[in-house]
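Trainee: would you be able to build a 3D model of this:
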Amino acid sequence: MKSIKLLSGAVAILFANLLNAQHYTPTDEGSEVKFKIKNFGVQVGGDFTGLKGTIKFEQAKPTDGSFDVTVASNSVNTGIGLRDKHLKKEEYFNVDKYPLIEIKSTKITNANKEGWLYFYGTLTMKGVTKEISFPFRAKEQNGGYLFSGEFKINRRDYGVGGNSFSLSDNVTVILTVFTKKM
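Mentor: The predicted structure follows:
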């Protein structure tokens, strides 16, 4: 009898935890995945679309959250068609071989500033995975969340842009990702 009660209790706890887990999916609508870089000393930028993935997040327990999100590399858009075509080639994003850019969390912590969290995880681009970390905010919005933050990477770490001397090595990535409940 005790075994049945223990088993029933364990199942009830598991079921309650499953109900509390909030799973979201990112949407292109209301989201922006932007980048900024200097080319010949002039700041240029662009964006990506095609957001997909899963985000697990609870406002009451943000450190239990997890992120696994991709964008389509062939969606790169700078507003200049010839540049976009060039960026899709092997020297830059090599979109035929590497169709996705992925960001995946390994840990979420509270930041030192109220309302802010800290993302620890990986960014995979062109088959290269590197650790990244950055502060971000999570704001409830329209039955989902709006996550926003930014981080810097070195494009050469990912083999993007080859040995271009006109292109800065430093890239700023700005994320504004709207999610809907799954």
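Trainee: list the contacts of L175.
Mentor: 32-34, 136, 147-150 (CB atoms under 8 Å, 6 or more residues apart in numbering). For glycine as for every other residue, the C-beta is placed from the backbone atoms N, C-alpha and C.
Trainee: output those residues in JSON lines, with neighbour count, secondary structure and distance to T172 appended to each entry.
Mentor: Output for these, formatted as JSON lines (neighbours: other CB atoms under 10 Å; DSSP: H, G, I helix; E, B strand; the rest coil; distance: CB to CB, whole Å):
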{"residue": "E32", "neighbour count": "15", "secondary structure": "strand", "distance to T172": "13"}
{"residue": "V33", "neighbour count": "22", "secondary structure": "strand", "distance to T172": "12"}
{"residue": "K34", "neighbour count": "15", "secondary structure": "strand", "distance to T172": "8"}
{"residue": "F136", "neighbour count": "18", "secondary structure": "strand", "distance to T172": "14"}
{"residue": "F147", "neighbour count": "25", "secondary structure": "strand", "distance to T172": "17"}
{"residue": "S148", "neighbour count": "17", "secondary structure": "strand", "distance to T172": "14"}
{"residue": "G149", "neighbour count": "18", "secondary structure": "strand", "distance to T172": "11"}
{"residue": "E150", "neighbour count": "15", "secondary structure": "strand", "distance to T172": "6"}
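Trainee: okay if I get these as JSON lines plus pLDDT?
Mentor: Below are the contacts of L175 laid out as JSON lines (pLDDT from 0 to 100):
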{"residue": "E32", "pLDDT": "98"}
{"residue": "V33", "pLDDT": "98"}
{"residue": "K34", "pLDDT": "99"}
{"residue": "F136", "pLDDT": "98"}
{"residue": "F147", "pLDDT": "98"}
{"residue": "S148", "pLDDT": "98"}
{"residue": "G149", "pLDDT": "98"}
{"residue": "E150", "pLDDT": "98"}
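Trainee: from those residues, pick the one nearest G50.
Mentor: V33 (9.0 Å; CB to CB).
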